[in-house]
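Q: Provided below are the primary sequence and the corresponding predicted coordinates.
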Amino acid sequence: MKIDDVVFELEANYVDEEHIAQIVSFVKQNGFKAEVIDDMLVQLGYDAIFDDLDQYGFDVTEKIQHKKTLKD
């Protein structure tokens, strides 16, 4: 997930600008870790935002066969 996507999600969930800056600096230093960021948000008094990414399949890659094959 890109930093712009993280910022968008945080702004869409009404996270304070100061807290967004803290989370963005964490992501720049450590990379995007959904569980850790959700823990930070809960400690700051917000609901977890990134806990349902796997539920909707954002982290799943679906392979599509693009070559035609002969079948019986």
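A: Looks like it came in fine. Numbers count the residues shown, from 1 in each chain.

Q: how close does the closest residue to Phe50 other than its chain neighbours sit to Asp51?
A: The shortest distance from Phe50 to any residue other than its chain neighbours is 3.9 Å, reached at Ala34 (C-beta to C-beta, 6 or more residues apart in numbering). Where C-beta positions appear, they are placed from N, C-alpha and C, glycine not excepted. Distance, Ala34 to Asp51, by C-beta to C-beta, to the nearest Å: 7 Å.

Q: quick check: the residue nearest to Phe50 touching Val27?
A: No. Using C-beta atoms under 8 Å, Ala34 is not in contact with Val27, being 10.5 Å away.

Q: so which residues of the chain form helices?
A: With DSSP state H, the ranges of helices along the chain come out as 3-12, 17-30, 34-43.

Q: quick one on the thing from earlier: give me the more crowded residue out of Ala34 and Asp51.
A: Ala34 (18 against 14; other C-beta atoms under 10 Å).

Q: roughly how far apart are the more buried one and Leu41?
A: 10 Å.

Q: one step back: mind putting the helices of the chain into TSV with mean pLDDT?
A: Output for these, formatted as TSV (pLDDT from 0 to 100):
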stretch	mean pLDDT
helix 3-12	92
helix 17-30	95
helix 34-43	93
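
Q: is there a neighbour count for Leu10? I'd like the number.
A: Neighbour tally, Leu10, other C-beta under 10 Å: 21.

Q: quick one: contacts for it?
A: Each residue near Leu10 by C-beta atoms under 8 Å, 6 or more residues apart in numbering is listed here: 19-20, 23, 49.

Q: save these as JSON lines, and put in neighbour count and distance to Met1 too.
A: Output for these, formatted as JSON lines (neighbours: other C-beta atoms under 10 Å; distance: C-beta to C-beta, whole Å):
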{"residue": "His19", "neighbour count": "15", "distance to Met1": "18"}
{"residue": "Ile20", "neighbour count": "15", "distance to Met1": "15"}
{"residue": "Ile23", "neighbour count": "20", "distance to Met1": "12"}
{"residue": "Ile49", "neighbour count": "19", "distance to Met1": "11"}
